[in-house]
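In: Got a predicted structure here, sequence first:
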Amino acid sequence: MKGQEFVDLLAQHRYDFFAWVPCSLLEGVLSALATRPRLPSLPATREDAAVGCAAGAWLAGGRPAVLMQNSGLGTGLNALASLSLMYRLPCLLVVTWRGSRGEDAPEHLLMGDISPRLLELAGIPHRALSAVSVEEDLAWATRETFAREAPVALLVPPGVLESEHMQSNNRDWDRAGTRRESAIPAGHGRADRPGARAQIDDVASLKARISRYEALTVVIRCLADEPVIHANGYICRESYAVADRPQNFYMLGSMGLAASIGLGVALTRPGRKAVIFDGDGNLLMNLGSLAMAGGLRPKNFVHFVFDNEVYGSTGDQPSLSREVRLDRLAAAAGYPWVRAVTEPGPLEAAAREALDADGPAFVLVKVTPESRAVPRIPYPPTVIRDRFRAALGKA
Ligand SMILES: Cc1ncc(C[n+]2csc(CCOP(=O)(O)OP(=O)(O)O)c2C)c(N)n1
């Protein structure tokens, strides 16, 4: 089947959010997607980030699909296990099946052999997409993912989806590497990118004079009804203790994916601010999320990083953020609005401005390593999911 025909089928099934990491077997599908600006498609930096973006898209009312190579099943596994499966989030996984016949480049053989068993172990229903039953296979996967409220995979062996080398005029990038047409969702383009207004302070001035709990209290005071996606660990727990809100998505697992989930929410709901409460360890685990936010530039994306320079939730082991300036990385990645703050007054001013700014906005909040004795999040994952979705108007 041609990529264009497959994309038409996806559209018929009302998929409206695509996050992908390319595989040559997806070439035709991805170039066909790039010609359909009404079907936003997002180049994810890793497969787990793609799964995170899809999670955010569904939570915000979208119908997401992730397209990737089976070698990315390993990269995506924690996101599938501790996010999609645990919270029960529907997502169509279109996974190319390199090494499916035991013959391929050496790096594909082991994963090709174990891909179906890996999906079975994780409890992800799957089918091999067959050239003679593509429509039926896609209808099955769509039915299953939304009925089960869980990810479902179509494994795509070589030869089922045609590559469209000959249709280079449909490609997002031509062979010379010149961008032809934006795959970025409408309203999130880069065309009129203003110069960065990042205010980068001197390293020496970044001595924290506020605890994470106090900093959370200050920022939460500035919020109205914005959805907030929290990084896992004590950031969730302290924020819950300051003020539990139905608009809070408490990420219990999927370390590193708060910004990816937030990106899915922001791109699906461009008319509403999406706020991320991240940690330094979390952000360092998935620095690609800075490139996704800085590159796609959703104006409504507001990224706070509570940087205590340690992995506070696991016993204060030092993180690299004491050496690496996360605000500089954000500015370099293309966030047009960046601030670094160390104390309550400037934090409140920066929070109010960030929530008002044309983003993506980034606030590095240097905090002390102090933690409060606060309870765990008491809600089961599906309760967190349902009240968050309801608060966004998509129960
Ligand atoms: C993939 C993965 N690796 C390790 C952990 C254990 N873990 C949970 S929270 C956390 C630290 C998070 O650090 P940071 O984002 O800096 O937040 P802090 O706890 O310092 O506020 C770690 C390492 C995990 N949950 N998942």
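Out: Yes, it's here.
In: Can you check my assumption that Leu155 lies in a helix?
Out: No. Under the criterion used here (DSSP: H, G, I helix; E, B strand; the rest coil), Leu155 is strand, not part of a helix.
In: Quick one: residues contacting the residue of the stretch 201-350 of the chain found nearest the ligand.
Out: Here the stretch 201-350 of the chain gets closest to the ligand at one residue, Gly279, 2.2 Å apart by C-beta to the nearest ligand atom. Every C-beta, even on glycine, is put in place using the N, C-alpha and C of the backbone. Gly279 is in contact with 231, 233, 235, 305-308, 312-313, counting by C-beta atoms under 8 Å, 6 or more residues apart in numbering.
In: The nearest residue to Leu155 once chain neighbours are set aside: how many residues sit nearby?
Out: In space, and not counting its chain neighbours, Leu155 is closest to Trp97: 4.3 Å by C-beta to C-beta, 6 or more residues apart in numbering. Neighbours of Trp97 under the rule other C-beta atoms under 10 Å: 26.
In: and if you look at Arg245?
Out: Neighbour count of Arg245, defined by other C-beta under 10 Å: 17.
In: coming back round to it: just grab the bridge partners of the residue of the stretch 201-350 of the chain closest to the ligand for me.
Out: Phe306 (DSSP bridges).
In: one step back: pretty sure the residue nearest to Leu155 sits against Ile114.
Out: No. Using C-beta atoms under 8 Å, Trp97 is not in contact with Ile114; the gap is 11.2 Å.
In: Could you identify the helix or strand that succeeds the helix or strand Val152 falls within?
Out: Per DSSP states H and E, Val152 falls inside strand 151-156. Once strand 151-156 ends, the next helix or strand along the chain (criterion: DSSP H and E) is helix 212-221.
In: What does the pLDDT read for the closest residue in space to His13 that isn't next to it in sequence?
Out: Distance criterion C-beta to C-beta, 6+ apart; nearest residue to His13, sequence neighbours excluded, is Thr142 at 4.7 Å. Turning to Thr142, the model gives it a pLDDT of 98.
In: and Thr142, that one's in a strand?
Out: No. Counting by three-state DSSP, Thr142 is located in no strand; its state is helix.
In: and it, how many residues sit next to it?
Out: 22.
In: With the one 3 residues further on instead?
Out: Other residues within reach of Thr145, judged by other C-beta under 10 Å, total 25.
In: follow-up on the earlier one: quick one: strands adjacent to the strand holding Val152?
Out: Note on strand 151-156: by DSSP bridges, its sheet partners are strand 91-96 (parallel), strand 126-128 (parallel).
In: Tell me the residues on the stretch 51-200 of the chain that lie near the ligand, please.
Out: Residues of the stretch 51-200 of the chain found near the ligand (C-beta under 6 Å from any ligand atom) are Asn78.
In: What of the stretch 251-395 of the chain?
Out: For the stretch 251-395 of the chain, the residues in contact with the ligand (C-beta under 6 Å from any ligand atom) are 255, 279-282, 308, 310-314, 319.
In: Which of the residues you listed fall within strands?
Out: 279, 310-311 (DSSP state E).
In: Let's have those residues in TSV, adding pLDDT.
Out: Output for these, formatted as TSV (pLDDT from 0 to 100):
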residue	pLDDT
Gly279	98
Val310	97
Tyr311	98
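In: Mind putting these into TSV with distance to Arg385?
Out: Output for those, formatted as TSV (distance: C-beta to C-beta, whole Å):
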residue	distance to Arg385
Gly279	21
Val310	30
Tyr311	26
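In: closest to Ala55 among these?
Out: Lowest distance from Ala55 to these (C-beta to C-beta) belongs to Gly279, with 18.4 Å.
In: what's the distance between the closest one and Ser31?
Out: Distance from Gly279 to Ser31, counting by C-beta to C-beta, to the nearest Å: 38 Å.
In: re the thing from before, and which of the ones in strands among the residues of the stretch 251-395 of the chain next to the ligand is nearest Gly61?
Out: Where those are concerned, and distances follow C-beta to C-beta, Gly61 has its nearest neighbour in Gly279, at 27.2 Å.
In: farthest-separated two in the contacts of Gly279?
Out: The farthest-apart pair in these, when distances are taken by C-beta to C-beta, is Val305 and Ser313, at 14.7 Å.
In: Look at those two and report which has more neighbours.
Out: Neighbour count, other C-beta under 10 Å: between Val305 and Ser313, Val305 has more, with 27 against 18.
In: Now that one: closest residue in space that isn't a chain neighbour?
Out: Asp278 (4.6 Å).
In: wait, what's in contact with the one you found?
Out: 231, 235, 258-259, 303-306.
In: quick revisit: enumerate every residue touching the residue nearest to Leu155.
Out: 70, 112, 115, 128, 155-158.
In: How about Cys222?
Out: Neighbouring residues of Cys222 by C-beta under 8 Å, 6+ apart: 348, 351-352, 355.
In: rerun at 10 Å
Out: 275, 347-356 (C-beta atoms under 10 Å, 6 or more residues apart in numbering).
In: need the contacts of Trp97 in a markdown table with pLDDT and distance to Ala390, can you?
Out: As requested, the contacts of Trp97 are exported to a markdown table (pLDDT from 0 to 100; distance: C-beta to C-beta, whole Å):
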| residue | pLDDT | distance to Ala390 |
| --- | --- | --- |
| Asn70 | 98 | 35 |
| Gly112 | 97 | 42 |
| Ser115 | 98 | 36 |
| Ala128 | 98 | 37 |
| Leu155 | 98 | 34 |
| Val156 | 98 | 35 |
| Pro157 | 97 | 40 |
| Pro158 | 96 | 43 |
